[in-house]
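Trainee: quick one: sequence plus predicted model below, questions after.
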Amino acid sequence: MGRAANLAEQATGRELAALVDGPWAPCWYWRDDLEAQQAAARDLHHRGGTAVLGDKAHYAPTERWVDHPSEPDVRGRAWTYQPPTAEGSS
């Protein structure tokens, strides 16, 4: 991860997730919080409900890291939007 072996990650042991495209960009979340939101959105969908957070379930992490727009020396893993397909839409 280089020089920014991420101050935020070093301080907390948590990884930042940067939603870099799609309907929720540009937003930053702690990765574990985002993954919990994705799980909740999938659960609501499977129970026949509609989830406000449903689109977040379609983001996936990449190998790319991006700089935070306003916090110096803070980086996060880029997450990109994977639009649902006709078979797997939510």
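Mentor: Arrived safely, thanks for sending.
Trainee: what element comes up after the strand or helix carrying residue 33 heading to the C-terminus?
Mentor: Using DSSP states H and E, residue 33 sits within helix 31-46. Sequence-wise, the next helix or strand beyond helix 31-46 is strand 59-67, with elements assigned using DSSP H and E.
Trainee: show me what counts as buried in that next one.
Mentor: Of the residues in strand 59-67, those with enough neighbours to count as buried (16 or more other C-beta atoms under 10 Å) are 59, 61, 65-66. Yep, even glycine has a C-beta here, placed from its N, CA and C like the rest.
Trainee: how about those residues, which pair is most distant?
Mentor: Using C-beta to C-beta, those reach their maximum pairwise distance at 59 and 65, which is 15.7 Å.
Trainee: let me see the contact set for residue 31.
Mentor: Applying C-beta atoms under 8 Å, 6 or more residues apart in numbering to residue 31 gives the contacts 14-17, 61, 77.
Trainee: repeat that for 7 Å
Mentor: Going by C-beta atoms under 7 Å, 6 or more residues apart in numbering, residue 31 touches 14-17.
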